[in-house]
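Novice: I'd like to go over a predicted model; first the sequence, then the structure.
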Amino acid sequence: MSDVRADGKQKDVKGSPLSEIGRRWSLVGKIFRDRQVDRKHLSADSSGYAEQSSTVVFESFQLVKSEVVEEDNSECCWKRHWLSINANGDKGTNVEREVSVMVRHLTGPIMFEELLKFNNTGNVCVWPAEEVLAFYLLKSQSKFTGKSVIELGGGMTCLAGLLLAAAVKCDRVMLTDGSDESISNLQLTLERNSHLKTQDVKSRLLRWDYVEDESFSDLKEQFDHVISADCLFFDEFRSHLAHTIATVLKPRGEALIIAPKRGHSFDDFVSICRSDRFKPLFSSVEVDSHFDAYIYKLSEYGSRSMV
């Protein structure tokens, strides 16, 4: 988990690692050798990784439940996602409250070439790190009340940011991705979720390698919190991600980055954040493997890889 905070003009980065996910990429890669994959054949199951004919099943902690409620056509479907959280009730008692959102999922084929367009893997499916991020955010929801939050690389659902907006009255929540297809999909999702506690929730195209462009100048030092899940896969974009975090965070801002320790990707990102280039921007970079006791107990996923 990566926390980016700022002292004066310095921003502080904390991190921690999640594992197991590396195996999912070998499964996806095996299918991508056929040059395309049908997204409706990708799913999550609590039993772990398995291959079932043309279907790939990814390990899920079942932290966020989901059900298909509507199938528009062969290209998309609508799912209800929900999780239960403890909240303060009358007289200080703890009550369990369900938070739910409606999310449009792309289900048609995605070509291998499409995945190479600025990390388009967020249009494949909801990866396990996104549900872990959502769970962790809602357990820590009080720190986000009245704050501005931006999700980076949230893919076609930005599920963590969307659930946070449903549960907490933030000042504003910005849901971003580098894919036009993701942003178009997110806009349709937002139109179906008028019940969000946060009133100012928007989706926006944001490529980390273009963050210096004048069209993004209104995002500079505008957010109290950056959140992101599993965005360290591609070597060429890690330094761009670190720079984007430094650009959009307010002084004393904080970033939370959850990602698997896949090969050298996690350690490389931490090294970039600790490099001479970013030392003037990040006052500290911390890696915390025990970011949440419950997640840690579920499997070694929570003990070995997360920034």
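Specialist: Now that the structure is in, tell me what you want to look at.
Novice: roughly how far apart are Phe291 and Lys139?
Specialist: Taking CB to CB, to the nearest Å as the measure, Phe291 falls 10 Å from Lys139. All C-beta spots, glycine's among them, are computed from the backbone N, C-alpha and C.
Novice: now do Leu175
Specialist: With CB to CB as the criterion, Leu175 and Lys139 are 20 Å apart.
Novice: Neighbour count: these two, which is higher?
Specialist: Regarding Leu175 and Lys139, a neighbour count based on other CB atoms under 10 Å identifies Leu175 as having more, with 29 against 14.
Novice: element containing the more buried one, please.
Specialist: Following DSSP states H and E, one finds Leu175 within strand 172-177.
Novice: Flag every buried residue along the very next helix or strand once past that strand.
Specialist: Downstream of strand 172-177, the next assigned helix or strand under DSSP H and E is helix 180-191. Neighbour-count burial for helix 180-191, counted by 16 or more other CB atoms under 10 Å, picks out Glu181, Ser182, Ile183, Asn185, Leu186, Thr189, Leu190.
Novice: Nearest to Val103 among these?
Specialist: Lowest distance from Val103 to the buried residues of helix 180-191 (CB to CB) belongs to Thr189, with 5.4 Å.
Novice: Contacts only, for that closest one.
Specialist: Val101, Met102, Val103, Arg104, Thr157, Leu162, Ser203 (CB atoms under 8 Å, 6 or more residues apart in numbering).
Novice: Okay, and the beta partners of the third one?
Specialist: Residues found in beta-bridge contact with Val103 (criterion: DSSP bridges) are Lys79.
Novice: was I right about it contacting Lys79?
Specialist: Yes - checked against CB atoms under 8 Å, the pair Val103 and Lys79 is within contact range at 5.4 Å.
Novice: burial measure for Val126, as a count.
Specialist: Val126: 28 neighbours (other CB under 10 Å).
Novice: Sorry, wrong one. I was asking about Leu232.
Specialist: Burial of Leu232 is recorded as 30 neighbouring residues (other CB under 10 Å).
Novice: Quick one: mean pLDDT for the strand holding Leu175?
Specialist: Mean pLDDT, computed over strand 172-177, is 97.
Novice: for stretch 263-274, same thing?
Specialist: Throughout stretch 263-274, pLDDT has a mean value of 93.
Novice: before we move on, what about stretch 188-201?
Specialist: Averaging pLDDT along stretch 188-201 yields 97.
Novice: repeat for stretch 212-223
Specialist: For stretch 212-223, the mean confidence score works out to 92.
Novice: distance between the ends of it?
Specialist: 16 Å (CA to CA, to the nearest Å).
Novice: So, low pLDDT: which residues of the protein?
Specialist: 1-60, 87-95, 109-124, 299-307 (pLDDT under 70).
Novice: Give the partner strands of the strand holding Leu175 in its sheet and their orientations.
Specialist: When DSSP bridges is applied, strand 172-177 pairs with strand 148-151 (parallel), strand 201-205 (parallel).
Novice: The first one: what's the following helix or strand?
Specialist: On the C-terminal side of strand 148-151, the nearest following helix or strand under DSSP H and E is helix 159-167.
Novice: and if you look at the longest one?
Specialist: In the C-terminal direction, the helix or strand that comes right after strand 201-205 (DSSP H and E) is strand 223-229.
Novice: elements contacting that next one?
Specialist: In terms of contacts (3 or more CB pairs under 8 Å, 6 or more residues apart in numbering; DSSP states H and E), strand 223-229 is packed against helix 128-139, strand 148-151, helix 159-167, helix 238-248, strand 249-258.
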